[in-house]
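In: mind looking at a prediction? Sequence and model below.
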Amino acid sequence: MKTHTEYLHFNTAERIEFIHITDDVQAIVNESGIKEGLILINPMHITASVYINDHEGGLIQDYQKWLKQLAPMDKDMWQHNLTGEDNAYAHLWRTIMGRESTVAITEGKLDLGTWERLFYAEFDGQRDKRVLVKIIGE
Amino acid sequence: MKTHTEYLHFNTAERIEFIHITDDVQAIVNESGIKEGLILINPMHITASVYINDHEGGLIQDYQKWLKQLAPMDKDMWQHNLTGEDNAYAHLWRTIMGRESTVAITEGKLDLGTWERLFYAEFDGQRDKRVLVKIIGE
Amino acid sequence: MKTHTEYLHFNTAERIEFIHITDDVQAIVNESGIKEGLILINPMHITASVYINDHEGGLIQDYQKWLKQLAPMDKDMWQHNLTGEDNAYAHLWRTIMGRESTVAITEGKLDLGTWERLFYAEFDGQRDKRVLVKIIGE
């Protein structure tokens, strides 16, 4: 059994940004030499998500409009912001979008379907953030 | 350490359909011979979910009513549909319901609680779809 | 390769309760002796969640207010309650909050970011419930 641990680093230009990371994650799989196993990819911050869906700009716009409806960004709506924060919405958005993705590795490749793509979704950026990539297998 | 990889195939009669798959997944665990480990079950398509909840018809109706409220099916509401698609809602529903389930295997069995059942939830079916089942353990 | 299986037990005083479990889970990692691998933490009940977010009281209040908006507790709104249950809302809340968390173990520690904390969120408690903790690694 082998394990492999790596961290991706982000500091987004915009507060809210969706970044396609499938190729970065596959590069880590290649580097690990692991051919069969599981890979976990998760932000180490609680206002961001790693999720799998379509690499299509319209959908990425839809996500943002939809998240704003489900959990508005208004500072005054949320008790969390009484701590001096203004990012309560970002904690809720990441709950909807999910924290982590777990993906199979088969024959050295991320075993994804035709349209499955990994994204890092930043909801409160413009500062240093990390994504953990952990592989277990052989 | 052993790994085992299998794919379940679906082509639903209805566009939206919820299919109970616990027994199919346990059969793959049996076949693998793996007694202790983890199993990942995920659709390879971005308009479907694998989730764990109650095998109860009323709840499955509730899910559909609720998802239609949270992300309406109207084609005109979503930018994704400007690509010629009409399934933006299905991408959002699968975000709510989640992509994958990860389950423990203990003594050769899916280590599920009394009422935990695995479901494949199809939100844009009537075509060939696959679910990946990956087991790692010994 | 080693595996380790443990169950946490809960019986909450309140019907709805959020319990911080990071330290309990780290204690199980210590006991397992596993230094590198993956850990799965999930309730074995379908009206509860294990999730990772901020250990901050205001946010925990926000979650409850928000979940009540997204899926009201009214008994009459949901078909599941025609079975004699009154907890349909709890099945939907756990869908939003997610069933399970998967976390990396690195150098014998839960590989969490600075503010990441594990929570058991009970949505229909006041009875015996279990959370499964499964570790795989070496």
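Out: Nice, I can see it.

In: phi, psi of the closest residue to chain C within chain A?
Out: Here chain A gets closest to chain C at one residue, residue A:44, 2.9 Å apart by Cβ to the nearest Cβ. Quick note: C-beta positions are derived from backbone N, CA and C, even for glycine. Dihedral pair for residue A:44: phi -100, psi 20, per degrees, to the nearest 10.

In: angles on the backbone of the residue nearest in space to the middle of chain A, please.
Out: Closest residue to the average C-alpha location of chain A: residue A:50 at 1.8 Å, with Cα atoms, centre = their mean. The phi/psi pair for residue A:50 (degrees, to the nearest 10) reads phi -120, psi 120.

In: next: residue A:111.
Out: phi -90, psi 70.

In: mind listing what's buried along the lengthiest helix in chain A?
Out: Criterion DSSP state H: the longest helix present in chain A is helix A:57-70. Neighbour-count burial for helix A:57-70 flags A:58, A:59, A:60, A:62, A:63, A:66, A:67, A:70 (criterion: 16 or more other Cβ atoms under 10 Å in any protein chain shown).

In: show the pLDDT at the second one.
Out: Read that as residue A:59. pLDDT for residue A:59: 98.

In: now do the contacts for it.
Out: When contacts are counted by Cβ atoms under 8 Å, 6 or more residues apart in numbering or on different chains, residue A:59 touches A:53, B:78, B:79, B:80, B:88, B:91.

In: nearest spatial neighbour of the residue in chain A that chain B sits nearest to, skipping sequence neighbours?
Out: Taking Cβ to the nearest Cβ, chain B has its nearest neighbour within chain A at residue A:113, 2.9 Å off. Spatial nearest neighbour of residue A:113, chain neighbours left out: residue B:44 (2.9 Å); criterion: Cβ to Cβ, 6 or more residues apart in numbering or on different chains.

In: burial count for the one you found?
Out: Residues within reach of residue B:44, counting by other Cβ atoms under 10 Å in any protein chain shown, total 18.

In: tell me if I'm right that it and residue A:106 touch.
Out: No: using Cβ atoms under 8 Å, residue B:44 is not in contact with residue A:106; the gap is 11.3 Å.

In: sorry, back to before: would you list the contacts of residue A:59 in CSV and tack on neighbour count, secondary structure and pLDDT?
Out: Formatted as CSV, those follow (neighbours: other Cβ atoms under 10 Å in any protein chain shown; DSSP: H, G, I helix; E, B strand; the rest coil; pLDDT from 0 to 100):
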residue, neighbour count, secondary structure, pLDDT
A:53, 23, strand, 98
B:78, 25, coil, 98
B:79, 16, helix, 98
B:80, 25, helix, 98
B:88, 29, helix, 98
B:91, 24, helix, 98
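
In: coming back round to it: distance of the residue nearest to residue A:113 from residue A:104?
Out: Residue B:44 sits 10 Å away from residue A:104, going by Cβ to Cβ, to the nearest Å.

In: and residue A:60, by the same measure?
Out: According to Cβ to Cβ, residue A:60 stands 25 Å off from residue A:104.

In: and what of residue A:30?
Out: To residue A:104, residue A:30 is 16 Å away according to Cβ to Cβ.

In: tell me which of these two has more neighbours.
Out: residue A:104 (25 against 11).

In: so that one touches residue A:35, yeah?
Out: No: contact status for residue A:104 versus residue A:35: not in contact, 11.5 Å apart, counting by Cβ under 8 Å.

In: can you give me the helices in chain A?
Out: Counting by DSSP H, the helices of chain A are A:22-32, A:57-70, A:88-97.

In: make a markdown table out of these and add distance to residue C:118.
Out: What follows is those, written out as a markdown table (distance: least, Cβ to Cβ, whole Å):
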| stretch | distance to residue C:118 |
| --- | --- |
| helix A:22-32 | 24 |
| helix A:57-70 | 24 |
| helix A:88-97 | 14 |
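
In: local confidence estimate at the nearest residue to residue A:36 once chain neighbours are set aside?
Out: With sequence-adjacent residues excluded and distances taken as Cβ to Cβ, 6+ apart, residue A:36 is closest to residue B:3, at 4.2 Å. For residue B:3, the model assigns a pLDDT of 98.

In: what about residue B:3, how many neighbours?
Out: Close neighbours of residue B:3, defined as other Cβ under 10 Å, add up to 20.

In: from residue C:7, how far out is it?
Out: Distance of residue B:3 to residue C:7, given as Cβ to Cβ: 26 Å.

In: go on, residue A:77?
Out: Distance from residue A:77 to residue C:7, by Cβ to Cβ: 38 Å.

In: quick one: which of these two has more around it?
Out: residue A:77 (16 against 12).

In: any stretches of chain A with poor pLDDT?
Out: Along chain A, no part satisfies pLDDT under 70.

In: write out the residues of chain A neighbouring chain B.
Out: Applying Cβ under 8 Å from any Cβ of the partner chain, we find that chain A lies next to chain B at A:1, A:36-38, A:51-54, A:56-59, A:61-63, A:66, A:70, A:96-98, A:101-104, A:106, A:111-116, A:136-138.
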